[in-house]
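> Pasting the sequence and the predicted coordinates here, then a few questions.
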Amino acid sequence: MHCPDCGVSIVAFDVPAEFVDCVPGDTSMVGLCPDCLGLFPITAGTEVPDTPEFERISDSFPTEADRAVAMALLVGLLENLALYRSEISLLLERVERAGADPLLVLDRLATDPGIETDLDLRGRRRQLEQLL
Ligand SMILES: [Zn+2]
């Protein structure tokens with residue numbers, strides 16, 4: 001499946017049950033666009049790789065499943081920080097517990113030339129600092 005905005009192939013992954021309510025659509029699978037970092041529902045029947053290709057998002061994106069899924073959801077929900085405040089703070093905790101530093105990952109995404117997002121990653125990072 002391709003990003004409706006950029007046309008690049010999005011990185012599909014399964015959403016853990018507890019976060020299904022905060023992702024778009026009513027499927028349990030979503031995809032993050034490696035270019036604009038948009039989060040999109042994956043329609044049933046779409047062919048997706050068995051293993052999510054998180055390394056396509058950025059060289060600095062975690063690839064270990066627990067970290068990567070929580071981090072990808074976190075990035076996808078940043079646009080709606082006000083709405084998903086509690087989910088986002090839970091995701092921050094998850095990423096940390098899985099052994100990665102979510103704010104450091106955001107810093108690196110913000111300087112990755114391969115990412116062209118409308119999200120103000122630096123501004124969001126400052127807001128996240130206050131949630132920790
Ligand atoms: Zn995109």
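Good, I have the coordinates. Every value quoted in this text rests on a predicted model; they were computed, and no experiment measured them.
> Report the separation between Val105 and Leu74.
9 Å (CB to CB, to the nearest Å). C-beta: built from backbone N, CA, C; applies to glycine.
> and what of Arg85?
Counting by CB to CB - Arg85 and Leu74 are separated by 12 Å.
> any residues in contact with both of Val105 and Leu74?
Common contacts of Val105 and Leu74 (CB atoms under 8 Å, 6 or more residues apart in numbering): Val95.
> For the chain, which residues are neighbours of the ion?
Contact residues, the chain versus the ion (CB under 5 Å from the ion): 3, 5-6, 33, 35-36, 38.
> Could you identify the buried members of the residues you listed?
Among these, those that count as buried by neighbour count (16 or more other CB atoms under 10 Å) are 3, 33, 35-36, 38.
> Just list the residues touching the residue of the chain positioned farthest from its centre, thanks.
What lies farthest from the middle of the chain is Gly45; by CA atoms, centre = their mean that is 21.9 Å. Contact analysis of Gly45 by CB under 8 Å, 6+ apart lists nothing.
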